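A.B. asks: I'll drop the sequence and a predicted model, then ask my questions.
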Amino acid sequence: MFVEAAHAESFVRAAEVLNITQAAVSKQIKNLEEIIGAPLFERRHRQVLLTDRGAAYLPVAEGILRDLAIATELAGAQPTYAELSIEIDHELLTYWMLPRMQQLRRHFPGCHFQFNAPQMNARRPNRYTDLAIVYGRPTFPGLAVEDFLDYVAFPVCSPALVKNNRRNPGWEDLKEHTLLHDYSKSWWDETLKRLRISVKPSDPEILLGQPTVCVTAAAQGLGIAIGDDVTCREMLDDGTLVRVTDVILPGRESFYIVTQPDSPTSSLADAFIDWLRQEETGQLSWRRSNLGM
């Protein structure tokens, strides 16, 4: 009533808007003034104007009404779509999930997916997420863990580094180029051991810290990186990267689907896991066809 009267500058017009009597408006305003301990309106003939105290109180009252309206709307709102919150390894999200995002949307029309990709893989999902896809088997107790996706690794580079645009370059084509390392040199140590090649201390090398940074640098023609079939599949398919040699190394860890056993799973979560399983089957089929495994 106070806000309507302040905007209308009239108890009569406020009563008309609220569909009550003028006497009811006057009484409620009077009660409010007694609670506050000061007059809120200067009453004139056929008009009421805010006092200084009333002018200060108006934005407070308007804010309360606005917050109340929002809370009422949220309390009564019914979502028109199913929602699923997923915590996911950031490299898997970037290089494996994003290329499948349109397919995911077509498969689940009207559903809302929220992906959270922490930079540090804690292997223990946030308790408020519906499920998680983590790299490395979680060791925390009380989690429901399912094997999901593994990978294999191999040297890759830009086709621009390959002599005469050969489709399947050999090491002889590339041995003079820079080796790109992640946080260690162990991948290359194992690769070169299988190739029976020794690297001299003077040979060019770059340490980049993250495997996917190495792959990005390789795609830009900066050297040769150790890639894998999960993060490099799209770039191998579109020709951004090519494999170097037939060396294939087993992955060191796998991805796992993790849920909280004490939290009820939704039908959407179950359907999403089924979709992940279908994509896993497709990934393994691609590996057999393209890597001969």
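C.D. replies: Yep, it's here. Numbers count the residues shown, from 1 in each chain.
A.B. asks: which stretches of this structure have low pLDDT?
C.D. replies: 70-71, 73-81, 119-128, 164-174, 199-203, 262-265 (pLDDT under 70).
A.B. asks: So which residues of it form helices?
C.D. replies: For the chain, the helices defined by DSSP state H occupy 2-8, 11-18, 22-36, 52-76, 90-92, 101-107, 171-174, 186-195, 211-219, 233-237, 267-291.
A.B. asks: Show me the one of those that comes nearest I133.
C.D. replies: helix 90-92 (6.2 Å; CB to CB). C-beta coordinates here come from the backbone N, C-alpha and C atoms, glycine included.
A.B. asks: Buried ones in the closest one, by neighbour count?
C.D. replies: H90, E91, L92 (16 or more other CB atoms under 10 Å).
A.B. asks: what residues does it touch?
C.D. replies: Contacts to helix 90-92, defined as CB atoms under 8 Å, 6 or more residues apart in numbering, come from residues A117, P118, Q119, I133, Y135, L149, P211, T212, V230, T231, F255.
A.B. asks: If the fourth one is in a bridge, with which residues?
C.D. replies: Going by DSSP bridges, I133 is paired in beta bridges with I88, I257.
A.B. asks: quick one: it and I88 touch, right?
C.D. replies: Yes: I133 sits in contact with I88 when judged by CB atoms under 8 Å, with a separation of 4.6 Å.
A.B. asks: which one among the contacts of helix 90-92 gets closest to E34?
C.D. replies: For those, the nearest to E34 is P118 (55.0 Å; CB to CB).
A.B. asks: How much space separates the closest one from T129?
C.D. replies: As for P118, its distance to T129 is 11 Å (criterion: CB to CB, to the nearest Å).
A.B. asks: For L18, which non-adjacent residue is spatially closest?
C.D. replies: E4 (6.0 Å; CB to CB, 6 or more residues apart in numbering).
A.B. asks: who touches the one you found in this structure?
C.D. replies: A14, V17, L18, V25.
A.B. asks: so how far is M1 from the third one?
C.D. replies: Spelled out, that is L18. For L18 relative to M1 (CB to CB), the value is 6 Å.
A.B. asks: ok, these two, which is more surrounded?
C.D. replies: Ranked by neighbour count (other CB atoms under 10 Å), L18 and M1 place M1 first, with 20 against 14.
A.B. asks: I figured that one hits K27, correct?
C.D. replies: No: M1 is beyond contact range of K27, at 9.4 Å (criterion: CB under 8 Å).
A.B. asks: Give the residues shared as contacts by L18 and M1.
C.D. replies: Joint contacts of L18 and M1 (CB under 8 Å, 6+ apart) are V25.
A.B. asks: what's the burial count for the residue nearest to M97 when sequence neighbours are not counted?
C.D. replies: In space, and not counting its chain neighbours, M97 is closest to I88: 6.6 Å by CB to CB, 6+ apart. Residues lying near I88 (other CB under 10 Å) number 23.
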